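K.L.:
Turn this into a model:
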Amino acid sequence: MRRSLSFLLSLLFFSGWSASLFAATDHAAHGVDPGAFHLTLGANPESPQAGESTEVTLKLTDAYGAPVSDFEIVHEKRLHLIIVREGLDKFTHVHPEPGPEGTMVTSMTFPEGGTYYFYADFTPRGGSAVTLRAELRVEGAASPAPPLNPYVPGVVQTDELLADVAVSPVQGLHRVRFGLKDLSEVPVTDLQPYLGAMGHLVILSSDGQSYVHAHPADDGDPSTVAFDVVFPGPGIYKGWGEFQRGGAVLVVPVVMQIN
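P.N.:
Residues are numbered from 1 along each chain as shown. Purely as a prediction, here's the structure:
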């Protein structure tokens, strides 16, 4: 059984140090110049340990070092923060509120050691979508991540759902379609809007360098959620489909080969 994995995040006061920007990626192929914005990451304690609370701060600045604090509301939030362990086996999606100085603060308990990637996905007021990436090393016991062997198209089972996932090329992009059923194989027809949509799909390249956040296309079937995705190029990708049912957000992980 493939299960979604998440870990605890909540907003707390922070005082600590800052680290340098590691990398930047584009949001859904918008082609934003990553040099226009920067993300710095810090942690307290400086060497986080798995299983122990860590205060993490992320600060957004523009090319001149000025804080970025004015954002468009995109799918009901000012900022989407995606956190994934290297190997792409741990995933969470949260929405810390940026402060007036462009600083976001979270308290986290990392489930295992390893390098964690932080993707800050936002749209500055009057601008285009941007995604910035930073890394944080967490010490402690770390189990190896499962190999990224593609298993969709195919049926994925989680603790809550069965998802028949299809991937098909359509006019320069790929449509990734989730046909959702409960564990008794009855089609799910009671999905609820989540962040203003019937689903969200976050996709990373196998090396974590390329990032896409896709939103649903109209498929006309209440038990199916489809996403039109522009992949950066051929390769192996891991994605996480997010859907809400009964007030709970359910995550369906998928690994796919794009040719």
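
K.L.:
Please give the element, helix or strand, for the most centrally placed residue in the chain.
P.N.:
By C-alpha atoms, centre = their mean, the mean C-alpha position of the chain lies nearest to residue 82, the distance being 3.5 Å. Element membership for residue 82, per DSSP states H and E: strand 79-85.

K.L.:
Mind giving me the packing neighbours of that strand?
P.N.:
Other helices and strands packing on strand 79-85, by 3 or more C-beta pairs under 8 Å, 6 or more residues apart in numbering; DSSP states H and E, are strand 91-94, strand 103-109, strand 114-122, strand 211-214. C-beta: built from backbone N, CA, C; applies to glycine.

K.L.:
Out of those, point me to the one whose mean pLDDT is lowest.
P.N.:
Among the helices and strands packed on strand 79-85, strand 103-109 carries the lowest mean pLDDT, a mean of 89.

K.L.:
Strand 79-85 and that strand, what's the angle between them?
P.N.:
For strand 103-109 against strand 79-85, the angle by axes from the mean of the first three to the mean of the last three C-alpha atoms, to 10 degrees is 40 degrees.

K.L.:
Could you spell out the sheet neighbours of strand 103-109, each with its direction?
P.N.:
Here strand 103-109 has these sheet partners by DSSP bridges: strand 9-10 (antiparallel), strand 53-62 (antiparallel).

K.L.:
hmm, back to that, which strands border the strand holding residue 82, and is each parallel or antiparallel?
P.N.:
strand 91-94 (antiparallel), strand 114-122 (antiparallel).

K.L.:
Could you list the low-confidence segments of the chain?
P.N.:
Residue ranges of the chain with pLDDT under 70: 1-35, 219.

K.L.:
What sits closest to residue 120 if chain neighbours are left out?
P.N.:
In space, and not counting its chain neighbours, residue 120 is closest to residue 132: 4.8 Å by C-beta to C-beta, 6 or more residues apart in numbering.

K.L.:
so which strand or helix has the one you found?
P.N.:
Counting by DSSP H and E, residue 132 is found in strand 130-138.

K.L.:
by contact count, what packs against that strand?
P.N.:
Counting by 3+ C-beta pairs under 8 Å, 6+ apart, strand 130-138 packs on strand 23-25, strand 37-44, strand 53-62, strand 114-122, strand 211-214.

K.L.:
Now that strand: buried residues?
P.N.:
130, 131, 132, 133, 134, 135, 136, 138 (16 or more other C-beta atoms under 10 Å).

K.L.:
can you list these in a markdown table and add distance to residue 44?
P.N.:
Formatted as a markdown table, the buried residues of strand 130-138 follow (distance: C-beta to C-beta, whole Å):
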| residue | distance to residue 44 |
| --- | --- |
| 130 | 26 |
| 131 | 25 |
| 132 | 21 |
| 133 | 21 |
| 134 | 16 |
| 135 | 17 |
| 136 | 12 |
| 138 | 13 |
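
K.L.:
if we take the residues you listed, which one ends up nearest to residue 167?
P.N.:
Nearest to residue 167 among those is residue 131, at 22.3 Å by C-beta to C-beta.

K.L.:
Hmm, residue 123 and the closest one touching each other?
P.N.:
No - taking contacts as C-beta atoms under 8 Å, residue 131 lies outside contact range of residue 123: 10.2 Å.

K.L.:
what's the helix or strand for the closest residue to residue 252 other than its chain neighbours?
P.N.:
Residue nearest to residue 252 in three dimensions, not counting chain neighbours: residue 241, with 4.2 Å by C-beta to C-beta, 6+ apart. Secondary structure assigned from DSSP H and E places residue 241 in strand 235-245.
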